[in-house]
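> Okay, sequence plus prediction incoming.
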Amino acid sequence: MLHDEKRCIGCQACTVACKVINDIPEGYSRLQVQIQGPHNDEAGDPHYQFFRVSCQHCEDAPCVSVCPTGASFIDENGIVQVKKELCIGCDYCVGACPYHVRYINPLTHIADKCNFCADTRLTEGELPACVTVCPTDALAFGRIDSPEIQAWIKQKSVYQYQLDNVGKPNLFRRKEIHQGDKA
């Protein structure tokens with residue numbers, strides 16, 4: 001997943017689409033776009049950053065290593081997923097996630113998180129809901145080794161938001177701080 005913070009306007013269309021497509025309970029979310037700022041520049045003008053908060057799909061995901069049943073796993077495409085039939089709702093993975101993006105679904109009592117709409121859209125050959133609804137094309141999705149994704153990474157000034165002592169995230173970002181209005 002690629003999040004272009006320069007193009008993002010913080011409209012939350014991605015968050016809403018995710019909730020609808022994946023039937024997320026009220027008060028819970030698989031992703032959010034946080035508005036950070038305003039930060040004033042030297043001239044005193046306000047600037048904002050729109051920061052996606054969702055599963056980072058870490059290469060060495062702590063949520064996977066603590067799961068006692070093997071319900072949390074990394075699939076062949078590098079997507080960190082949850083096998084619902086194996087999850088016992090123990091909450092270990094929620095506590096182990098350093099990004100705080102997992103939760104126990106209050107209706108199913110199963111761990112949930114962003115899986116790029118793997119069971120609702122990817123299996124149908126469609127892109128994740130957040131990508132398709134973004135009005136500014138701030139999101140792109142594909143395999144990290146694909147030519148299109150590699151070209152995007154090489155053309156843009158990208159970074160990966162990584163906390164200390166955590167496996168390498170697979171969410172790439174292009175940082176930009178917006179001037180002026182929040183939206």
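Structure received.
> Tell me which residue is most central in the chain.
residue 54 (3.0 Å; CA atoms, centre = their mean).
> ok, that one touching residue 32?
Yes. The pair residue 54 and residue 32 passes the contact test of CB atoms under 8 Å, sitting 7.4 Å apart. C-beta: built from backbone N, CA, C; applies to glycine.
> Surely residue 150 is within a strand?
No. Looking at residue 150 with DSSP: H, G, I helix; E, B strand; the rest coil, it is helix, so not inside a strand.
> And it, what's its pLDDT?
Note for residue 150: predicted pLDDT of 88.
> how about the nearest residue to it, chain neighbours excluded?
Counting by CB to CB, 6 or more residues apart in numbering, residue 144 is the residue found nearest to residue 150 once chain neighbours are left out, at 7.7 Å.
> picking up where we left off before, quick one, phi/psi of the residue nearest to the centre of the chain?
As for residue 54, its main-chain torsions (degrees, to the nearest 10) stand at phi -160, psi 180.
> and the closest residue in space to it that isn't next to it in sequence, how many neighbours?
Closest residue to residue 54 apart from its sequence neighbours, by CB to CB, 6+ apart: residue 31 at 3.7 Å. Number of residues near residue 31 (other CB atoms under 10 Å) recorded here: 23.
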